[in-house]
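Peer 1: next comes the sequence, and after it the predicted model I'd like to discuss.
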Amino acid sequence: MCRVLVVLILIGLTTHSVSAQSQVAGSKNYGLGGSSVMWLPRSAALFLNPAEIARLHQDEFLVSTHRFSTVPSISAARFIPFWGTFAVGIANEANHNWYSAAYGRLLGKHQTVGGAINVVRGGVTRLTVSLGTALHLPDSASQHSGLHAGMSVVNLSLEARSPLFGFNVGGAYWVVPNTLRWQAAWQLQGVNGGFLMGAEYRAGPRLSLWAGTLSFSNVSAGLSFKTSYVSADLTVGDVGISFSLNFRISEKARDVRNRHFRSGLDAYDEERYFDARGHFLTALQYDEYDPHARTLANLATAVMETTIVVYFREGNSSEDRGDYLEAVNMYSHVLLAYPDHEDARQRLSEVQLKLHDHIQGLIATGDSLRDLKKFKPARRNYDRVLDIDPGNQEVPLRISEMESSINEGVRSHLSRARAFLATNQIKKARRQFEQVLVFDRRNAKAKSGLESIKARRTTKQLFQRGKSALDEEEHFEALNIFLEVLRRDEKYPEAKAFLDRTREILKPEVEKYFKRGLQFYVKEEFQAALETWNKALFIEPDHRATLEYSKRAELKLEALKELE
């Protein structure tokens, strides 16, 4: 802005006086008979009504010429969202140089206010001020509809009346929204007053036509052609030709608006209502007529306020019942919706301290359980810490050390258990397997070892039954039991010896069963013969004669079956 001001001053020093109808507010205002006190979105508005520079939402630079030979005015504007629009300019009128710095901003939805400080040089240098306001009552969500009204006081001096003093008041109405506007104003210039009137026809987004008159004596007409970066205004009137070029020197206000609107939608979808509201309000800074941005800004505000109340209440409730992690989440949601919520920030800070103490308590409890070899509940405490604080650096090391201890303990106890089993120290082996399950409740080897010990207990009981049967001279029962014992555990101590002893007792029965089987064989009762000889083989599995005749009987049975 300082560079622009220097350039303006240097150019302004080379300008020449323009008489008759004023052209300092630009060619368009000149073409409308000077009646644009209520609607002039150009940086040159600071010379007519500084409130109207608030309609500018992008940076602009305007230069006006008279008959393409002299420069009535040069002006530039700088827009800063949420602050307003600043403008500087140099004008030459009635043999006076006029240096101005102005500020304007929106007040409410569509009303603008503004003021300027001016230095007027021409014979006597005076410091003056300009003040203005403008109001727009649109019929629809468009700046080109409805009623405009405006008023300004220009070059008001506290010392003496400035030769450039002026008072302007007027109104405009869009007869056809977005197409045709009629406007009229009354102007007091120095000591003379006059009635001003003009009309503008917008033939399209790029082309506009206008005409105007000053007190029905001076008549003017012109046109404007607008591109993305430059607007050219040309007016022909009784006092000559006026030509203005208006350069846009920043990004289009529409493009910035659209970008913030999209960002607002994204933030709203992500429940970042504070950010969403900020983007929608920024979109409105660039286009106060955008109904969607205004609606969504109000909605985001309402949702944000509701969200803050709900999450803050939930945070308090979670804190009261000791669920500090949930309380942290709730207060964080409040700050996500409204980062400047001081109560939530303070509560979050206090709860985070409580949560830290809670985490340290869980770690201490886990350590105590680990030392007592209660590894499962210890692990639950450590896992709870990681649920609350996934980035915790202490707990993973503890878990790793505990798992190493568990694995070492498992290996050690399994090795001892196997050694005790090999020497038939069943009780000691059982205790070792049980110690393994203290370290690892799901260890398959320990469970299998305990099952084998349980089976050994059953086998021992079975062996004792065999001994009782032998003592009671139930020799075949004893023989069956000792064979079952050896089937379960071929290394079972004493079982082999008692089996041999029982067979020795039953050995005289072998010849009896053999001879009885022969009798069945001779009678061709081969099945009965086989059943009898099986009893002999049960006592003496290697009895040759019985084995031989058993084969013969089986062959006979097979031959008979084939004949059938």
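Peer 2: Yep, that arrived.

Peer 1: helix/strand/coil for Ala446?
Peer 2: Judged by DSSP: H, G, I helix; E, B strand; the rest coil, the three-state class of Ala446 is helix.

Peer 1: Leu372 versus that one, what's the distance?
Peer 2: 20 Å (CB to CB, to the nearest Å). To be clear about C-beta, it is placed using only N, CA and C from the backbone, and glycine gets the same treatment.

Peer 1: neighbour-wise, which of the two wins?
Peer 2: Using other CB atoms under 10 Å, the more surrounded residue of Ala446 and Leu372 is Ala446, with 23 against 10.

Peer 1: and that one, what does it touch?
Peer 2: Neighbouring residues of Ala446 by CB atoms under 8 Å, 6 or more residues apart in numbering: Val410, His413, Leu414, Ala417, Phe433, Glu434, Val436, Leu437, Asp440.

Peer 1: the stretch 301-450 of the chain: helices as residue ranges?
Peer 2: 324-337, 342-371, 375-388, 394-422, 426-439, 444-471 (DSSP state H, counting those that start in this stretch).

Peer 1: deepest in the core, which of the ones you listed is it.
Peer 2: Of all the helices of the stretch 301-450 of the chain, helix 324-337 has the most neighbours on average by mean count of other CB atoms under 10 Å, namely a mean of 21.

Peer 1: elements contacting that one?
Peer 2: Helix 324-337 sits against helix 273-286, helix 291-320, helix 342-371, with contacts defined as 3 or more CB pairs under 8 Å, 6 or more residues apart in numbering; DSSP states H and E.

Peer 1: could you redo the last one with a cut-off of 7 Å?
Peer 2: helix 291-320, helix 342-371 (3 or more CB pairs under 7 Å, 6 or more residues apart in numbering; DSSP states H and E).

Peer 1: quick one: the ones you listed as TSV, columns for mean pLDDT and distance to Asn329 too.
Peer 2: Formatted as TSV, these follow (pLDDT from 0 to 100; distance: least, CB to CB, whole Å):
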stretch	mean pLDDT	distance to Asn329
helix 291-320	87	8
helix 342-371	85	10
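
Peer 1: possible to save these as JSON lines with distance to Leu470?
Peer 2: Converted to JSON lines, these look like this (distance: least, CB to CB, whole Å):
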{"stretch": "helix 291-320", "distance to Leu470": "75"}
{"stretch": "helix 342-371", "distance to Leu470": "54"}
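
Peer 1: for Gly166, find the nearest of those helices.
Peer 2: Of all those, helix 291-320 sits nearest to Gly166, with 35.3 Å by CB to CB.

Peer 1: tilt between the closest one and helix 324-337?
Peer 2: 160 degrees (axes from the mean of the first three to the mean of the last three CA atoms, to 10 degrees).

Peer 1: ok now helix 291-320, how far from the chain's centre?
Peer 2: Centre-to-centre, helix 291-320 and its host chain are 16 Å apart (CA atoms, centre = their mean, to the nearest Å).

Peer 1: counting by contacts, list what that helix packs against.
Peer 2: Checked by 3+ CB pairs under 7 Å, 6+ apart, helix 291-320 has helix 253-269, helix 273-286, helix 324-337, helix 342-371 packed alongside it.

Peer 1: against Asn155, how distant is the closest residue in space to Gln187 that isn't next to it in sequence?
Peer 2: Closest residue to Gln187 apart from its sequence neighbours, by CB to CB, 6 or more residues apart in numbering: Asn168 at 5.0 Å. To Asn155, Asn168 is 11 Å away according to CB to CB.

Peer 1: show me where the stretch 201-350 of the chain dips below the pLDDT cut-off.
Peer 2: Within the stretch 201-350 of the chain, not a single segment meets pLDDT under 70.

Peer 1: hmm, try it at 90
Peer 2: Within the stretch 201-350 of the chain, the ranges that satisfy pLDDT under 90 run 205, 214-218, 228, 238-240, 270-275, 277, 300-350.

Peer 1: tell me the confidence at the nearest residue to Ala429 once chain neighbours are set aside?
Peer 2: Nearest non-adjacent residue to Ala429, counting by CB to CB, 6+ apart: Phe420, 3.7 Å away. At Phe420, the pLDDT value in this model is 76.

Peer 1: quick one: the helices in the stretch 101-250 of the chain?
Peer 2: Going by DSSP H, counting those that start in this stretch, the stretch 101-250 of the chain shows no helices.

Peer 1: what about the strands in it?
Peer 2: For the stretch 101-250 of the chain, applying DSSP state E, counting those that start in this stretch gives strands covering 111-121, 126-137, 147-157, 166-176, 180-189, 192-202, 207-214, 218-226, 230-237, 240-248.

Peer 1: distance to Val334 and mean neighbour count added to those strands, as JSON lines?
Peer 2: JSON lines is the format used below for the strands of the stretch 101-250 of the chain (distance: least, CB to CB, whole Å; neighbours: other CB atoms under 10 Å):
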{"stretch": "strand 111-121", "distance to Val334": "35", "mean neighbour count": "20"}
{"stretch": "strand 126-137", "distance to Val334": "38", "mean neighbour count": "20"}
{"stretch": "strand 147-157", "distance to Val334": "43", "mean neighbour count": "21"}
{"stretch": "strand 166-176", "distance to Val334": "46", "mean neighbour count": "19"}
{"stretch": "strand 180-189", "distance to Val334": "48", "mean neighbour count": "19"}
{"stretch": "strand 192-202", "distance to Val334": "48", "mean neighbour count": "18"}
{"stretch": "strand 207-214", "distance to Val334": "50", "mean neighbour count": "20"}
{"stretch": "strand 218-226", "distance to Val334": "47", "mean neighbour count": "19"}
{"stretch": "strand 230-237", "distance to Val334": "47", "mean neighbour count": "19"}
{"stretch": "strand 240-248", "distance to Val334": "41", "mean neighbour count": "20"}
